[in-house]
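S.K.: Predicted model and sequence below, questions to follow.
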Protein chains: 4
Amino acid sequence: MPDLQTIVEDIHQALLPRLGEGAVADYIPQLAKVDPKQLGIAVATTGGELHMAGDAATPFSIQSISKVFMLTLALGKVGEGIWKRVGREPSGSPFNSIVQLERENGIPRNPFINAGAIAVTDTVLAGHQPREAIGELLRFVRYLADDDTVSIDDAVARSETQTGFRNFALANFMRSFGNIDHPVEHVLGVYFHQCALSMTCAQLARAGLYLAARGANPLTGHTVVSAKRARRINALMLMCGHYDGSGEFAYRVGLPGKSGVGGGILCVAPGVASIAVWSPGLNKVGNSLLGSEALEMLAARTGWSVFDM
Amino acid sequence: MPDLQTIVEDIHQALLPRLGEGAVADYIPQLAKVDPKQLGIAVATTGGELHMAGDAATPFSIQSISKVFMLTLALGKVGEGIWKRVGREPSGSPFNSIVQLERENGIPRNPFINAGAIAVTDTVLAGHQPREAIGELLRFVRYLADDDTVSIDDAVARSETQTGFRNFALANFMRSFGNIDHPVEHVLGVYFHQCALSMTCAQLARAGLYLAARGANPLTGHTVVSAKRARRINALMLMCGHYDGSGEFAYRVGLPGKSGVGGGILCVAPGVASIAVWSPGLNKVGNSLLGSEALEMLAARTGWSVFDM
Amino acid sequence: MPDLQTIVEDIHQALLPRLGEGAVADYIPQLAKVDPKQLGIAVATTGGELHMAGDAATPFSIQSISKVFMLTLALGKVGEGIWKRVGREPSGSPFNSIVQLERENGIPRNPFINAGAIAVTDTVLAGHQPREAIGELLRFVRYLADDDTVSIDDAVARSETQTGFRNFALANFMRSFGNIDHPVEHVLGVYFHQCALSMTCAQLARAGLYLAARGANPLTGHTVVSAKRARRINALMLMCGHYDGSGEFAYRVGLPGKSGVGGGILCVAPGVASIAVWSPGLNKVGNSLLGSEALEMLAARTGWSVFDM
Amino acid sequence: MPDLQTIVEDIHQALLPRLGEGAVADYIPQLAKVDPKQLGIAVATTGGELHMAGDAATPFSIQSISKVFMLTLALGKVGEGIWKRVGREPSGSPFNSIVQLERENGIPRNPFINAGAIAVTDTVLAGHQPREAIGELLRFVRYLADDDTVSIDDAVARSETQTGFRNFALANFMRSFGNIDHPVEHVLGVYFHQCALSMTCAQLARAGLYLAARGANPLTGHTVVSAKRARRINALMLMCGHYDGSGEFAYRVGLPGKSGVGGGILCVAPGVASIAVWSPGLNKVGNSLLGSEALEMLAARTGWSVFDM
C-alpha cells in the first residue's frame, strides 16, 4: 500500500470534480449558508501521524457528531445505567422520527438519533444549569482534541433554538413519558449548543483518537474510557451512526462512524486511526455524500474495514 | 490466552447450570418438541483446527441461519442486482413484521428478516421447480460444509408449511407489490425447506468458514465468493443478523452473526474463525439466550471482536 | 320540494358533462375494462316508489357493497358474537392496509375494510364448502332484491382470485393470529365471489330497502333483521362505509352508505329510501367520484341527511 | 313514550348503584381530585324545556367538549378554509397520538383530537394575545349558554400547563411542519384555558342547543351558525367525537356527541334536543363510562338516534 499521505491526497483529488454534489442541510438557516464546494480529509493514526487534504483546516459545524462525545461524557457519569433511558438498537427510521417513541413508551432506540441524544444530554445536566453543562462539554472536547481553540458557534446554536420545533416535540414527548428530568428548555439549550460545536477535520480526527486506541489518546496519554467501553461505543457507531443509512455505510465502508448534517463524519479504524471527513452536500438519508465516498475509497485502499481479514 | 479448546470447554462448563433458560420456539410444532437442555459449541479456525464442546455433534434445525447461505447463492446468481429487491438496513422491527413492507412498497429492509429472505429465495428459483432449487441449496450447503450428510428435516418443513401463515402473508403481500415473481406456494416451498436444514454445530462452523477466510474455505480450497463479498456479507450479518437484537449483539459480542429460532447462531471472526453455537432456549427477541452468552464469553476471552484493537 | 323523479333526473343531467371523471379501478383487470362514462341512479322509497335515471338498469360489479349483505347474513348466524372477531371503529387507513392488523393482533377495525369483511365471511362459512356459502349469499341477495336474476360474474371472481395477493396476505395474516378458522383458499373463494355480485342500481336500491325500513322490506313484507339491528348496521355504514373517506362523506352527504371499487354506492335514508348510484370513476380514496357528488346533491335537495332537522 | 322528565330521572336512578365505575383521569392532577361518585343529566329541548337529574347543577371541567365551541368560533372566522389545516376523518388512534401527524405531514386528522384542536385554536389566535383569545372564547360560550356565570378554572389551566408535555410535543411537531403560526406557548396558553372551562350539565346542554336547532338558539333567538354548518358540525361529532370509541358510540347511541376527560359528554339530537351528561369515571378509551350508558338508555327510550326511523 502506498503511504497514507498519498492515499489521502489521491482521494481528495479524485473527488474534486464532484464538489457540490448532494444537498446542503437547509432546515437550519445558519447551515444553509455554507459553501457546498468544500471537502476536507484528516487521518490521525494511533502512531501519532496526521495526514490532511483539502479543507481539513476549515472549521465546520459538527452537529450530530457531538453525540459521540456527549455519550462518552454521560457514560462516565452514569455508567451503563444510561441504557435504562435509551436503547442500543438501530431505529429503522429517519433521525428525527417520533413514531418509534410513541410505540416504545418514550424510550429512544439509540443515543445517536435525536431523541436518544436529547435523553443522553438530560442525564449529563444532572441538576446543573445549562451553562455549566455546556462548559463541561466544551472542556471535554478540547481535552479530547488537545486543542483549546475548539469553540461553539453561537449563531448556529441560536438558529437551531429558533427553528428546532421538531426537537422541542421530541423532548416534550419524552418528558410526557417521564424520560426527561429537566425543563425541556434547559435540555435543548445544552443540546443545541453541543450540536453547534465548530471543529476542523484535523481537530475532529484527533478528538476521536481515543476510540481508535483502546480508550486513551496516544498523543497525550490521556485515558478517556476503558478499552471495553471504547469497543462498545464503536459498536454503537457502526450500528446506528448514520441514521437510516447505517446499513449502507457498514456495507460500503465497514468502519464505525458518526455523521452530522453539517456534512462531517468521524470514523474509527480500531487500533489504527481516527478519520474525519467533511463536505456539506448530503445524500438523501442525511449523510455527507462525498464524505461517505471518501471513506469508502479510504477503506478500500487501506483495508481498514473491520470486516477485512 | 489459554488454548482455544480450553476456552470452549470452560464456556460450556460455565453455562451448564443455566441449561434450559429461555423459551423454546413454539410456533413451529416440530421445534417445540426439542429438549431445551442442550448446548453445543464448535469453533473452526481458518488454520484448520476444530474445537468442540457439549452437544456440538447433535443436529438441529438451523432455521434462519440458512438465510446466509441462500443469500450467498443468490448473490452468485444475480449479483448486486439483488439489492433492487431487498434493502440493506436494519429493520427496527420484529423478524416477521409486515408494517415496514406496507410503508416501503413491498421492499423488505434486509435479506435476514423473513420477508427479505423470501424475496431472496424467489430470485434463486429463477423459473425452476421448487424441488430443483431445494436440491441446489442442499448441494451448496454440503459443498460449503464439505459434508454430504447434511440433510433437510422433512417433518420440520411440513410443520412450517402447515402453520406458516405469517410467511404466506408476507409473500402474498410482496407479490401484490410485484416483488415476488413465482407462485407463492413455490417460493415458500423452497423457503420452508431451507429453514429445515438440519446441521450440527461442527458442520455449521465448517460451512461458515468461507466468511472468515476471504471467501474461500481454507480446508477444501473451495472458493465460494470474492473477499469483498465475504466482507460485505459479514457487514450485513453484523447489522441485521439478530433481528431486533442486532444492536445488543454487536454491543456485547462484536462479531457478525446470524441466529435462527432453532437456537443456533453462526458467528464469524474475520480472518480467524467460524463459530457455531446452539441452545434451544430463546431470549425475548428470538435469539438463543445461552448461545448469545457463550459468544459474548468467547469474544471477551479471545479478543476476536471486530472492534477489538 | 319538487317530486323525486324530477330531482333524480336533474342530478343525472347536471353530472352528464362530467362523465368520465375519476379513475376506474385497474388492479382488477376485469374492472378496468368497464366504460367509465356511465352514471346510474335509483331511489327506492319505503312507500314503494322506484325512481331511476341514467344507467340505472345496467348491471355492475358491486364489490365491497356486498360486505353489507354478508355482514347482515353473519349477524343472523352468529349474532353480536361476531364483534369478538372484528371491531366497530373507523380504521384511519386505506381499505387494504395490513398495518393496523399487526398493531391490533389480527382483529380488523371494522367489517367494511377488506380484512374485516374476510373475517365476517369466515364466520359465514361455518364449516361448509365455499360453493354452499356462495349459494347461500346469492339466494339471500336475490331474496333481499326480490329478483332472481341477480347473479355473480364468474370472470370477475376469477380475475380477483388470480390477482388478489393483498387479500391473500390479509387472510393469512389473520389466520396467523387465529382469527380465520377455515383454509384461506376457501374463505377467499367465497369472498371473491361475493365481491363479484353483479347488480343494477335498481336491484341494489331495492335490496337495501330493509335498512331504510326498520329491517323489513316494505315491498315484499320480508323481515330481514330487527329494527335495532338495521339501525346499527346503518351506524356502521356511516362510520366506516367509505374507507378513509367516511368522514368526508358524512360531512358532505350525511347518510349511511357503502361504496365499492366498481363505482357503486348503496345509501340509506332511514325511514325514507334506499338509494343506489353507480359511476365507475373513483376519487383518490377509492369511492365513486360522481356517485358521491350525486348523493351530495340528492341529500341537499331532499333534506334526507340524518343530521338534518 | 313517558314524559322526558320521568325518563331522565329513571336513567339517573338506574345508574346510581354503579356510581364510581371507571377510572378518573389522573394525568391532570387537578382532575384526579374530583369525587368520582357523581352523575348529572340535563336535556334542553328545542321547544324550550329543561329536564335535569342528579348532579346536573354541579360545575365540572368540560375539557375536550370545548373543542366544539372553539371549532364553531374558528369556522366563523376562517370559514371552510380551516380544512386546509385539519382533516375531517376519524383517526383510528388515541386522542393524543403523534404517529398520524408524522405520517401525514403535520395535518391532524380532525378537529376533535388534541392535535386538531390545537391547530384550530391557532387559527382563532389570529395574531392576538392569548388573553384576548381566551376572553373571546369565554364571551362566546357565555353567549351560547346565555349565562354569564360560566367561568374558567384557573387551577385546572395551570395544572395542565405544568404537565401537558404531550400537548407541547404535538404543537411543536405541527409547528415544525408549518401548521402552527403562533408561538407554541401562546397557542397552548389558550388551549389549556379552553379545556379548563367549568360548566354544569344544565349550562352545557343550553350552550349546545344551536346544534340541535338549525344553528340558532331557540331560547334566545341568537343565530350562531347556518343550518348547513350546524349539520356539518354534528356530522364531525358523530364521526370523531369520542376519539377511538366513536364507532362504538355511534353503534350504541347513534347521536352526534363530544366527550371530555373530565367525564362530560355533550350530545345532540338534531331538531329535538341538546343533552349534557357528566360522570367522572372513564372507560378505557377515555370517555365517561356512566355518561355513555346514560346516553344509550336515553336514545333507546326516546328513539332519538339519527338512525331511528
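M.R.: Sure thing, it's come through. Residues are numbered from 1 along each chain as shown, chains lettered A, B, ... in the order given.
S.K.: Spell out which residues of the stretch 201-309 of chain A are next to chain B.
M.R.: A:212-214, A:227, A:230-232, A:234-236, A:238-240, A:244-248, A:250-251, A:254, A:256, A:270-272, A:305-309 (Cβ under 8 Å from any Cβ of the partner chain). For every residue, glycine as well, the C-beta is placed using N, CA and C.
S.K.: 6 Å instead?
M.R.: A:214, A:231-232, A:234-235, A:239, A:247-248, A:250-251, A:254, A:270-271, A:305-307, A:309 (Cβ under 6 Å from any Cβ of the partner chain).
S.K.: before we move on, what about the stretch 51-200 of chain A?
M.R.: So the stretch 51-200 of chain A meets chain B at A:R88, A:E89, A:P90, A:S91, A:G92 (Cβ under 6 Å from any Cβ).
S.K.: now these as TSV including neighbour count, secondary structure and pLDDT?
M.R.: Shown next, in TSV, are those (neighbours: other Cβ atoms under 10 Å in any protein chain shown; DSSP: H, G, I helix; E, B strand; the rest coil; pLDDT from 0 to 100):
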residue	neighbour count	secondary structure	pLDDT
A:R88	23	coil	96
A:E89	26	coil	94
A:P90	31	coil	92
A:S91	28	coil	84
A:G92	23	coil	78
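S.K.: Pick the one among the residues you listed closest to chain B.
M.R.: Nearest to chain B, judged by Cβ to the nearest Cβ, of these is A:G92 at 2.4 Å.
S.K.: With A:G245 as the reference, measure out to the closest residue to that closest one other than its chain neighbours.
M.R.: Residue nearest to A:G92 in three dimensions, not counting chain neighbours: B:G92, with 2.4 Å by Cβ to Cβ, 6 or more residues apart in numbering or on different chains. Separation of B:G92 from A:G245 (Cβ to Cβ, to the nearest Å): 13 Å.
S.K.: what do you get for A:Y210?
M.R.: On the measure of Cβ to Cβ, A:Y210 and A:G245 end up 25 Å apart.
S.K.: rewinding a little: among the residues of the stretch 201-309 of chain A next to chain B, name the buried ones.
M.R.: Among these, the ones that count as buried by 16 or more other Cβ atoms under 10 Å in any protein chain shown are A:214, A:231-232, A:234-235, A:239, A:247-248, A:250-251, A:254, A:270, A:305-307, A:309.
S.K.: Spell out which parts of the stretch 151-300 of chain A neighbour chain D.
M.R.: Counting by Cβ under 6 Å from any Cβ, the stretch 151-300 of chain A sits next to chain D at A:F165, A:R166, A:F168, A:A169, A:N172, A:F173, A:R175, A:S176.
S.K.: if you set the cut-off to 10 Å instead, what comes out?
M.R.: A:163-178, A:180, A:184 (Cβ under 10 Å from any Cβ of the partner chain).
S.K.: Does anything pack onto the least confident helix or strand in chain A by mean pLDDT? Which helices or strands?
M.R.: Least confident helix or strand, chain A: helix A:99-103 with a mean of 84, by mean pLDDT, DSSP states H and E. Applying 3 or more Cβ pairs under 10 Å, 6 or more residues apart in numbering or on different chains; DSSP states H and E, one finds that helix A:99-103 contacts helix A:114-125, helix A:165-176, helix D:99-103, helix D:165-176.
S.K.: Turn those helices into TSV, including mean neighbour count.
M.R.: Compiled in TSV, these are given as follows (neighbours: other Cβ atoms under 10 Å in any protein chain shown):
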stretch	mean neighbour count
helix A:114-125	26
helix A:165-176	25
helix D:99-103	20
helix D:165-176	25
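S.K.: Which one of the ones you listed lies nearest to A:I28?
M.R.: Among the helices and strands packed on helix A:99-103, helix A:165-176 comes nearest to A:I28, with 10.8 Å by Cβ to Cβ.
S.K.: tell me the mean pLDDT over that closest one?
M.R.: In this model, helix A:165-176 has an average pLDDT of 96.
S.K.: before we move on, what about stretch A:182-193?
M.R.: On average, stretch A:182-193 scores 97.
S.K.: now it, how far from the chain's geometric center?
M.R.: 18 Å (Cα atoms, centre = their mean, to the nearest Å).
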